[in-house]
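my questions are about this predicted structure, shown below with the sequence.
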Amino acid sequence: DSGVTQTPKHLITATGQRVTLRCSPRSGDLSVYWYQQSLDQGLQFLIQYYNGEERAKGNILERFSAQQFPDLHSELNLSSLELGDSALYFCASSAQGVAGVDTQYFGPGTRLTVL
Amino acid sequence: GENVEQHPSTLSVQEGDSAVIKCTYSDSASNYFPWYKQELGKGPQLIIDIRSNVGEKKDQRIAVTLNKTAKHFSLHITETQPEDSAVYFCAASDSYQLIWGAGTKLIIKP
């Protein structure tokens, strides 16, 4: 158990809908990362937050947005969903948000299925 | 920016044999190289990492080697066991981001 929690574990929805994925980082970690993993694919970095502020942005679509709240939990919002958005979405956390220094600890993921 | 290539995409080895997975990176400024293991239905988990001031690091049956001149690093697993079956990801850090390899599916044959 990494200490990172994600809810829900599974999510099934229809095209055009909007969903929110939630992540709670490990106790004491200030940075949160979001990744997308499509079937049998690698990890695609979406976005990183550090102590409430956006720190880095990867291949995140304009239909997707995220935020980190004062209690450090984070939410990833996916809107106007398409079939191709079906994937595993992982949240990771690290202490200081410095990739060359911190270890990233991953949550168990949310499996999103868009029908 | 940084680019990480990982080979092979699939590796099948006999139980008890060794497995080697290789990654190359493009940015000579990268200084941190972790390896993650992802078991089916779970999130990736760090298994070993190495920094650019070290050439080799071992942890029981797992070792990582780094060649800064050639810009490549490798994961070595000795005496493979069934529980080593998983997808392994390498990554390299250039600043705030980890750049990930595409992953290697390791299959341990009984």
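Sure, I can see it.

strands of chain A, start to end?
A:5-7, A:10-13, A:19-24, A:31-37, A:44-50, A:53-57, A:64-68, A:74-78, A:87-94, A:105-106, A:110-114 (DSSP state E).

and the lowest-mean-pLDDT helix or strand in chain B, how far from the chain's centre?
Least confident helix or strand of chain B, by mean pLDDT, DSSP states H and E, is strand B:98-100 with a mean of 89. In terms of CA atoms, centre = their mean, to the nearest Å, the centre of strand B:98-100 is found 12 Å from the chain centre.

and that strand, which strands flank it?
Applying DSSP bridges, strand B:98-100 is found paired with strand B:86-93 (antiparallel).

with mean neighbour count and mean pLDDT added, can I get the strands of chain A in a markdown table?
C-betas here are computed from N, CA, C, even on glycine. Shown next, in a markdown table, are the strands of chain A (neighbours: other CB atoms under 10 Å in any protein chain shown; pLDDT from 0 to 100):
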| stretch | mean neighbour count | mean pLDDT |
| --- | --- | --- |
| strand A:5-7 | 16 | 97 |
| strand A:10-13 | 14 | 97 |
| strand A:19-24 | 19 | 98 |
| strand A:31-37 | 26 | 95 |
| strand A:44-50 | 21 | 94 |
| strand A:53-57 | 14 | 93 |
| strand A:64-68 | 19 | 97 |
| strand A:74-78 | 21 | 98 |
| strand A:87-94 | 25 | 96 |
| strand A:105-106 | 22 | 95 |
| strand A:110-114 | 18 | 97 |
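
just put those strands in TSV and tack on distance to B:Phe33.
Formatted as TSV, the strands of chain A follow (distance: least, CB to CB, whole Å):
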stretch	distance to B:Phe33
strand A:5-7	26
strand A:10-13	33
strand A:19-24	25
strand A:31-37	18
strand A:44-50	16
strand A:53-57	19
strand A:64-68	27
strand A:74-78	26
strand A:87-94	16
strand A:105-106	17
strand A:110-114	28
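
Throw those into TSV and include distance to chain B, thanks.
Listed next are the strands of chain A as TSV, based on distance: least, CB to the nearest CB, whole Å:
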stretch	distance to chain B
strand A:5-7	8
strand A:10-13	11
strand A:19-24	11
strand A:31-37	8
strand A:44-50	6
strand A:53-57	5
strand A:64-68	15
strand A:74-78	15
strand A:87-94	5
strand A:105-106	3
strand A:110-114	9
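
can you tell me which of those is nearest to B:Arg51?
With CB to CB as the criterion, B:Arg51 lies closest to strand A:87-94 of those, at 15.7 Å.
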